[in-house]
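**Q** the following block contains a protein sequence and its predicted model.
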Amino acid sequence: MVVLKKHAPERRQNIRIPFWSIIRYRINDNGSIPISNNKEVVYGNSLNLSVGGLCFETFESINVGNNLDITLALPTYPLRKLVISGTVLRCEKINLTELYTVALSFKNVQKQDSFAFAEFIEHFLN
C-alpha cells in the first residue's frame, strides 16, 4: 500500500529557485537571547533563493525569530556581493546528520538588492 503525504498549501509569495553557494552569516540578536556567547561569522550552504528569502544549511541550530546578517554573492557579471538582514522562520535538524536547514525571510531589503535578486531569478528562469 502506498501512502501519499498531504502537502500544506503553498504560502510563499515569491518564486524560489535552486541556489547553491557558500554564505556567511552572523547572529544579530538585537536584545534577544543569543544562542552563543559570541557574534562570530559562521558559514553555511545556500539551497534556494527568492526575492523575499533564503534557505540554507548550517552546523548550528538557530532559534526561530533570531535576526541574521547574511553575506552572499550572486553569480552575475560583475559578481554582486550582498549583505542582507533577515529573520529565521524555521530551523530543522536534518535526520542522521549534524546539519540544520534554516529558512530565512529577508527584511528591510534595499531596492537595488531586491532588483538584483529579481533580475538574477528571472535570468535563471529563462
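**A** Yep, that arrived.

**Q** tell me what Gln88 is bridged to.
**A** If you look again at residue 88, you'll see it is Val, not Gln. Applying DSSP bridges to Val88 gives these bridge partners: Leu104.

**Q** skip the chain neighbours and tell me the closest residue to Lys81.
**A** Ala73 (5.0 Å; CB to CB, 6 or more residues apart in numbering). To be clear about C-beta, it is placed using only N, CA and C from the backbone, and glycine gets the same treatment.

**Q** what of Leu54?
**A** Leu104 (4.9 Å).

**Q** and Phe124, by the same measure?
**A** Ile17 (4.9 Å).

**Q** run through the protein and note the low-pLDDT ranges.
**A** 1-12, 29-39 (pLDDT under 70).

**Q** what about the strands in it?
**A** For the chain, applying DSSP state E gives strands covering 17-18, 22-27, 42-49, 53-58, 67-74, 80-93, 100-107.

**Q** tell me the angle the third one makes with strand 100-107.
**A** Between strand 42-49 and strand 100-107, the angle comes out at 70 degrees (axes from the mean of the first three to the mean of the last three CA atoms, to 10 degrees).
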